[in-house]
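Undergrad: show me the folded form of this:
(chains A, B and C)
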Amino acid sequence: MNISLLYCFDLFGTAIFAISGVLLAGRLKMDPFGVIVLASVTAIGGGSIRDMMLGATPVFWIVDNNYLWVIFLTCLATLLLVKQPKQLPWYILPVCDAIGLAVFVGIGVEKTMRLQDSMMIAVIMGVLTGCGGGIIRDILAREIPMVLRSEIYAIACIAGGIVHTTSLYFGISSQSSFLLGVVTTLSIRLAAIRWHLSLPTLHLKG
Amino acid sequence: MNISLLYCFDLFGTAIFAISGVLLAGRLKMDPFGVIVLASVTAIGGGSIRDMMLGATPVFWIVDNNYLWVIFLTCLATLLLVKQPKQLPWYILPVCDAIGLAVFVGIGVEKTMRLQDSMMIAVIMGVLTGCGGGIIRDILAREIPMVLRSEIYAIACIAGGIVHTTSLYFGISSQSSFLLGVVTTLSIRLAAIRWHLSLPTLHLKG
Amino acid sequence: MNISLLYCFDLFGTAIFAISGVLLAGRLKMDPFGVIVLASVTAIGGGSIRDMMLGATPVFWIVDNNYLWVIFLTCLATLLLVKQPKQLPWYILPVCDAIGLAVFVGIGVEKTMRLQDSMMIAVIMGVLTGCGGGIIRDILAREIPMVLRSEIYAIACIAGGIVHTTSLYFGISSQSSFLLGVVTTLSIRLAAIRWHLSLPTLHLKG
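TA: Predicted structure coming up:
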């Protein structure tokens, strides 16, 4: 895949996830630096865990500071634009989260395939890159992580990762595979948000 | 120690911890993919942190995918077996947790002793391998981590780790040392569950 | 900077953060081994994340066991001294936290500057070293992490880190830079605690 295009997607996903962090921080009435902290962990948390597990250290944002500038400028812009307290539509946060999720699953698969051969590991690392930051964001904010709530979430990432790796396996260009994966994750997740889709849940007492 | 026997124990502990994740996921009414996520972090979370801290990256389950298959098949089997909502006895989850804990403390000690000389580090890494996954599971599920509740938990791991390393130090075979450690951790922990044993607690206000 | 002086500060910060862990554990009525666990994650959590992200593994306390002894002896001393339940003044925990924070931000900046050139990364790693342990402590104890509450916290660390790196940049000795940074972090944070200072907060609904 064209490196610079992948890079653009990566910075775009970073910005989107940073916005989702800012929105949650605003809901929790944090100060500007708390906002930056929450935006940062959301945007680079998943990729950091991926890099540490793969042993690809120092992690990506230490090697390339542009990720940090993107987060910082995104926070600044978001803070300036939404200065006044106002009622945002409920779906803004989950939709931002879904876009960041879809892009980051693709980024995680792509980066892992360069280091490892296993398709299964690539899918898992994609899921981890996509979900990791949001999980840390939700833990810090003491919300139940989105990934564990009943709406279709993990399955969207897994489906996107499988489509991505399978496309690569059948010789489709890495760029098209990436886009196929992203579109898969995003459409499943958006559909789940829109129609409140969920899988049947396991239900145990005790 | 016979590598393949250690390996069997490791996969066994993985399966048991995966079950404990599934049970908690069921109590929280998660969907099948949320179940897999919670089972996975419980089963491989502790070992992943250990490997990252030791610098033994990529972490173990990236190198050897069997761990992931064990988790996947365990989830599948558990989901099929406990399909219907029903009241499980209260002690099933803590007992599964105790067995996984005892085995993983031993695995952690054994793996660390191959990389490091320090007995203290080996004990700590044993405790971390045993407790880490359960801590992440409980954080995600927004429960107070078992390790921090008043029943004897951390001390069982520490005792098991000390018995294990001390046995090695006195020249007992690594297999017997492993088993001695596992039995120590398990019996202390099961006794604590059975009779609600606890140490006197520190009690500060303010 | 004189290595042995930095080392003393590092062990001092470790002890102070361990005390903050013990105090919180006491408030939550934990047993002695739960106390050790909470003290340990508070004291070495932030530095461990820093080292894993930088790829400086095995992490510092595996290489040098003195940190663990400091934690152990601090727990022992604190447990012996505050044996009886009694009302501690409310400010003891935040003040201990502030001192540990200030020292660890400096340690994080100093250690990172030896491995990396970027001042921005050094500041971030300082913030991470300072805040990381406390965040894990608060997550385990199910409190909202101090860093995300409205009182000035992250900004104190960032200011300290910037003063530290800027002083280095202008050729001030590393020892003086370290102290300038520590004093900056500490005074901002103590002032915030004393007068309940806070920045205006972002406030979103939805």
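
Undergrad: enumerate the residues of chain A near chain B.
TA: Within reach of chain B by C-beta under 8 Å from any C-beta of the partner chain, chain A has these residues: A:52-55, A:57, A:116, A:118, A:120-121, A:124, A:131, A:135, A:139, A:142, A:144-145, A:147-150, A:152-155, A:158, A:198-206. Every residue, glycine included, has its C-beta placed from N, CA and C.

Undergrad: quick check on the residues you listed: which are buried?
TA: Among these, those buried by neighbour count (16 or more other C-beta atoms under 10 Å in any protein chain shown) are A:52-55, A:57, A:116, A:118, A:120-121, A:124, A:131, A:135, A:139, A:145, A:147-150, A:152-155, A:158, A:199, A:201-202, A:204.

Undergrad: just checking, A:Phe33 touches C:Ala154?
TA: Yes: in this structure, A:Phe33 is within contact of C:Ala154 by C-beta atoms under 8 Å, at 3.8 Å.

Undergrad: about what we covered before: in helices, which of the buried ones among the residues of chain A next to chain B appear?
TA: Using DSSP state H to define helices, the subset of those located there is A:52-54, A:120-121, A:124, A:131, A:135, A:139, A:154-155, A:158.

Undergrad: possible to save these as CSV with pLDDT and distance to B:Leu179?
TA: What follows is these, written out as CSV (pLDDT from 0 to 100; distance: C-beta to C-beta, whole Å):
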residue, pLDDT, distance to B:Leu179
A:Met52, 94, 33
A:Met53, 94, 30
A:Leu54, 94, 34
A:Met120, 92, 32
A:Ile121, 94, 32
A:Ile124, 93, 32
A:Cys131, 91, 38
A:Ile135, 89, 36
A:Ile139, 89, 37
A:Ala154, 85, 37
A:Ile155, 88, 40
A:Ile158, 93, 38
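
Undergrad: with those in mind, which one is nearest to chain C?
TA: Proximity of those to chain C was ranked by C-beta to the nearest C-beta; the top entry is A:Met52 with 5.1 Å.

Undergrad: list the residues that contact the residue of chain A found nearest chain B.
TA: Residue nearest to chain B within chain A (C-beta to the nearest C-beta): A:Gly55, separated by 2.8 Å. Contacts for A:Gly55 were tallied using C-beta atoms under 8 Å, 6 or more residues apart in numbering or on different chains; they are B:55, B:57-59, C:55.

Undergrad: closest one to A:Ala77 out of these, please.
TA: Using C-beta to C-beta, C:Gly55 is the member of those that lies nearest A:Ala77, at 32.1 Å.

Undergrad: and that closest one, how far from C:Gly47?
TA: Going from C:Gly55 to C:Gly47 by C-beta to C-beta, to the nearest Å gives 14 Å.

Undergrad: ok, A:Gly108 next?
TA: Distance, A:Gly108 to C:Gly47, using C-beta to C-beta: 27 Å.

Undergrad: next: A:Phe17.
TA: Distance from A:Phe17 to C:Gly47, by C-beta to C-beta: 26 Å.

Undergrad: on the three-state scheme, A:Val41 is what?
TA: helix (DSSP: H, G, I helix; E, B strand; the rest coil).

Undergrad: for A:Ile172, give me the pLDDT.
TA: The model reports A:Ile172 with a pLDDT of 93.
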